[in-house]
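Engineer: Give me a 3D structure for the following:
(one chain, ligands or ions: 1)
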Amino acid sequence: MQERVQKFLSHSGVASRRQAEQMMLDGRVTVNGTVVRELGAKVDPAVDSVKVDGKRVHGETPAYVLLYKPKGTICTLDDPQGRPKVTDLVKGVRARLFPVGRLDFDTSGALLLTNDGELANLLAHPRHHVARTYVAKVKGVPSPDKLEKLRKGVYIEGGRTRPARARVLSVKEKNSLLLLELREGRNRQVKHMCQAIGHACLRLERVAFGFLDITEMKPGEWRHLLPREVEGLRDLALKSEPGDEAGRGPRRAKKRRGDEAAGAGAKADRRD
Ligand code: URA
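Structural biologist: Numbers count the residues shown, from 1 in each chain. Down below sits the predicted model:
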């Protein structure tokens, strides 16, 4: 089946679609030996030989994985310190997966991995506001005023945070668990937000990314997304606007997961 060269390249994990277009414009891409700068050019991956900088690009089936990232793993693909990588946990998938956004080394939780550069860009783009839901263990118990500050926005590096949801889930001894739902993914954002209200974050877990949650998984487990979940993510990334509910959709998500769990059997390595 024919597809645009830049789409083939982004689905192959070489680059995002925009980067692939730039590679084409720069004359780095050949199809069957001929430089292709025309952005409308198409290829049939089954028969055509596509090369970037002289290296053959083999088309990959798009793969989408939800990983319950354990603490003590890194999201970067190259680590000079040789720490365990999230990609090492996803065994048996031949696609070159990369994480959509990042979680810190000491943060656990829902992490999406894919080789679909286009969807990854859509989801990670700040304009699309996909909800990220976290449970943070913080020092002390934030007052209602401080929670309100988190909701309205606090000043951290890079400017004021967008409106968020924030509530106390439970209090244990001198610490508390907060549920936070953000629609942006800035560097160490939750930790900085908690610090900004004077309650250091002691432990952090992302319990959901959009409608994908990890409630039925264990740390280190992963599963393939179902086709309709992939479509759901695409819709979410394209539709979600600030303040709407599309980035979260917990009811739909619960229903969807319930339906799928009933029919799908294995939890940690589901394939469709
Ligand atoms: N916010 C943080 O502070 N750390 C993460 O890993 C994710 C969100």
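
Engineer: From what I see, R162 and K152 are in contact.
Structural biologist: No - the pair R162 / K152 is not scored as a contact, 9.8 Å apart, by CB atoms under 8 Å. Just so you know, the C-beta spots here come from the backbone N, C-alpha and C atoms, and that holds for glycine as well.

Engineer: Which one of the two is surrounded by more residues?
Structural biologist: Ranked by neighbour count (other CB atoms under 10 Å), R162 and K152 place R162 first, with 16 against 13.

Engineer: and that one, what element?
Structural biologist: Under the criterion DSSP states H and E, no helix or strand holds R162.

Engineer: which residues does the residue lying closest to it once chain neighbours are set aside contact?
Structural biologist: Distances taken as CB to CB, 6 or more residues apart in numbering place E184 nearest to R162, at 5.2 Å, with adjacent residues excluded. Contacts for E184 (CB atoms under 8 Å, 6 or more residues apart in numbering) come out as 126, 129, 161-162.

Engineer: gap between E184 and R127?
Structural biologist: Distance, E184 to R127, using CB to CB, to the nearest Å: 10 Å.

Engineer: Same question for L89.
Structural biologist: 30 Å.

Engineer: Which of the two has more residues huddled nearby?
Structural biologist: Legend: neighbour count by other CB under 10 Å for L89 and R127, higher for L89 (19 against 9).

Engineer: and the more buried one, what are its phi and psi?
Structural biologist: The phi/psi pair for L89 (degrees, to the nearest 10) reads phi -80, psi -20.

Engineer: Tell me the confidence at it?
Structural biologist: pLDDT recorded at L89 is 96.

Engineer: And the residue nearest the centre of the chain, how far from L66?
Structural biologist: The centre of the chain sits closest to V100, judged by CA atoms, centre = their mean, with a distance of 3.3 Å. From V100 across to L66, the span is 10 Å (CB to CB).

Engineer: residues touching R165, list them.
Structural biologist: Counted by CB under 8 Å, 6+ apart, R165 has contacts 151, 179-181.

Engineer: can you rerun that using 6 Å?
Structural biologist: E181 (CB atoms under 6 Å, 6 or more residues apart in numbering).

Engineer: Is it bridged to anything, and to what?
Structural biologist: With DSSP bridges as the criterion, R165 is bridged to E181.

Engineer: G159 now?
Structural biologist: Counting by DSSP bridges, the residues bridging with G159 are I156.

Engineer: how close does it get to the ligand?
Structural biologist: Relative to the ligand, G159 is positioned 16 Å away (CB to the nearest ligand atom, to the nearest Å).

Engineer: out of the contacts of E184, which are buried?
Structural biologist: With burial judged by 16 or more other CB atoms under 10 Å, the buried subset of the contacts of E184 is 129, 161-162.

Engineer: Skipping its backbone neighbours, what lies nearest N121 in space?
Structural biologist: Per CB to CB, 6+ apart, closest to N121 is S16, 4.8 Å.

Engineer: Write out the residues of the stretch 51-200 of the chain neighbouring the ligand.
Structural biologist: Applying CB under 6 Å from any ligand atom, one finds that the stretch 51-200 of the chain approaches the ligand through 103-104, 107, 188-191.

Engineer: can I get those residues in TSV with distance to V31 and neighbour count?
Structural biologist: Converted to TSV, these look like this (distance: CB to CB, whole Å; neighbours: other CB atoms under 10 Å):
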residue	distance to V31	neighbour count
L103	38	25
D104	41	15
T107	42	23
R188	43	15
Q189	42	20
V190	45	27
K191	47	19
